[in-house]
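K.L.:
Please work out how this folds:
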Amino acid sequence: MTSLKRTALYDEHARLGGRLIDFGGWELPVQYTGVMDEHLACRKSAGLFDVSHMGEVHVEGPDAEAFLNDLLTNNVSRVAVGQAQYSAMCYDHGGCVDDLIIYRRAADRFLVVVNASNDDKDFAWMRGVHSRKGYRCSLSHESANYSQLAVQGPRAAEILQTLTSTPLAPIKTYWFAEGHVCGDIPAILARTGYTGEDGFEVYVPWQSGPAVWRALIEAGQPLGLKPCGLGARDTLRLEMKYPLYGHELGENIHPLDAGLAWVTKLDKPNDFVGKQALLAARAAGLRRTLVGLKMLERGIPRQGYAVFDAAGVSQVGEVTSGTQSPSLGQAIAVAFVPPEHAAAGTRLTIDIRGTRVPAEVVSTPFYKRS
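P.N.:
Got it, this is the predicted structure:
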């Protein structure tokens with residue numbers, strides 16, 4: 001049996017009583033005190049997440065921008081030094097290799113952060129695209145060198161500020177600064193996240209992760225911060241309708257289907273990987289779109305559950321993610337349906353273990369930060 005990988009914070013999770021599970025080959029906490037408790041702590045005060053399993057790639061050299069513009073759907077040329085950008089990476093046929101964030105650290109130097117389950121696959125794909133045209137830039141797989149902690153919630157900045165002399169207030173959403181935490185630990189302090197709350201993702205050297213984790217717990221607990229597991233991370237992102245690879249994104253799902261037209265710049269001048277397939281898909285008309293659904297009766301929808309018309313007769317789609325929303329106190333779902341069933345207010349039904357339960361299409365995100 002293949003042993004599970006562990007982040008540098010494994011002993012911290014065990015010490016705090018985290019319930020550890022196999023998540024894509026990593027042994028990570030799904031919860032500590034409970035998904036509901038952790039979710040609401042993040043919404044009301046702050047939550048602390050170990051996301052060190054995410055993958056990191058350095059792209060450096062005079063052609064770094066050109067290479068990433070060829071690789072990604074968004075327009076990398078618009079990213080300033082100190083700015084981050086969300087994007088998708090596609091196969092030639094338009095399906096998603098992954099969604100990711102790039103951080104521009106200098107004119108010719110980028111940090112690319114990819115999903116944990118796709119780390120090795122993504123790097124292999126990037127190397128393949130790089131070799132097609134011989135770009136004058138280097139790619140290095142740096143995942144083993146970073147611990148990544150996410151402190152998220154209304155009091156996240158206040159808590160993190162106690163650990164760094166870098167002013168956090170001037171850092172806008174999707175911008176970052178490079179400084180230090182806990183004295184002399186070098187850190188990237190990025191105002192990014194996956195929860196819908198204000199907060200920071202902090203990148204430090206791998207071996208420094210436990211010290212920074214403990215310092216954040218010590219500084220944050222008096223203000224209501226709680227360590228959070230993968231369960232709360234999933235319910236938080238779902239309330240925002242943020243996509244998750246393997247659910248709303250995948251090899252056979254292109255970014256236009258997934259509602260990512262806003263990061264798919266089909267008008268940018270270069271012919272990025274997958275552009276021609278996406279242009280053809282747009283011209284032909286989208287056959288499905290992602291919608292938010294709220295349940296009108298009891299029942300929690302899950303990935304793969306069939307979505308039917310209002311009468312419960314004809315299947316029209318499929319649930320990609322579903323949960324009981326801790327913030328809203330009701331069951332919600334995201335599903336692919338044809339455009340003619342996508343308008344807010346449309347009544348549908350979902351087959352939940354053999355029972356057709358009524359649902360309604362609603363505007364998203366489900367949760368809006370006050």
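K.L.:
quick check: domain ranges of the protein?
P.N.:
10-50+145-239, 287-362 (automatic domain parsing).
K.L.:
Out of those, indicate the one that is most buried.
P.N.:
domain 10-50+145-239 (a mean of 20; mean count of other CB atoms under 10 Å). From N, CA and C alone the C-beta is placed, and that goes for glycine too.
K.L.:
measure that domain end to end?
P.N.:
28 Å (CA to CA, to the nearest Å).
K.L.:
residue boundaries of the strands in the stretch 51-200 of the chain?
P.N.:
With strands called from DSSP state E, counting those that start in this stretch, the stretch 51-200 of the chain shows them at 55-60, 84-90, 96-106, 109-114, 138-141, 146-152, 176-181, 185-190, 199-205.
K.L.:
could you redo these as JSON lines and give each row mean pLDDT and distance to L293?
P.N.:
JSON lines is the format used below for the strands of the stretch 51-200 of the chain (pLDDT from 0 to 100; distance: least, CB to CB, whole Å):
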{"stretch": "strand 55-60", "mean pLDDT": "98", "distance to L293": "31"}
{"stretch": "strand 84-90", "mean pLDDT": "98", "distance to L293": "24"}
{"stretch": "strand 96-106", "mean pLDDT": "98", "distance to L293": "22"}
{"stretch": "strand 109-114", "mean pLDDT": "98", "distance to L293": "29"}
{"stretch": "strand 138-141", "mean pLDDT": "98", "distance to L293": "39"}
{"stretch": "strand 146-152", "mean pLDDT": "98", "distance to L293": "25"}
{"stretch": "strand 176-181", "mean pLDDT": "98", "distance to L293": "35"}
{"stretch": "strand 185-190", "mean pLDDT": "98", "distance to L293": "32"}
{"stretch": "strand 199-205", "mean pLDDT": "98", "distance to L293": "27"}
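K.L.:
Dump those into a markdown table; add distance to R237 as well.
P.N.:
Shown next, in a markdown table, are the strands of the stretch 51-200 of the chain (distance: least, CB to CB, whole Å):
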| stretch | distance to R237 |
| --- | --- |
| strand 55-60 | 18 |
| strand 84-90 | 13 |
| strand 96-106 | 12 |
| strand 109-114 | 15 |
| strand 138-141 | 26 |
| strand 146-152 | 11 |
| strand 176-181 | 20 |
| strand 185-190 | 17 |
| strand 199-205 | 13 |
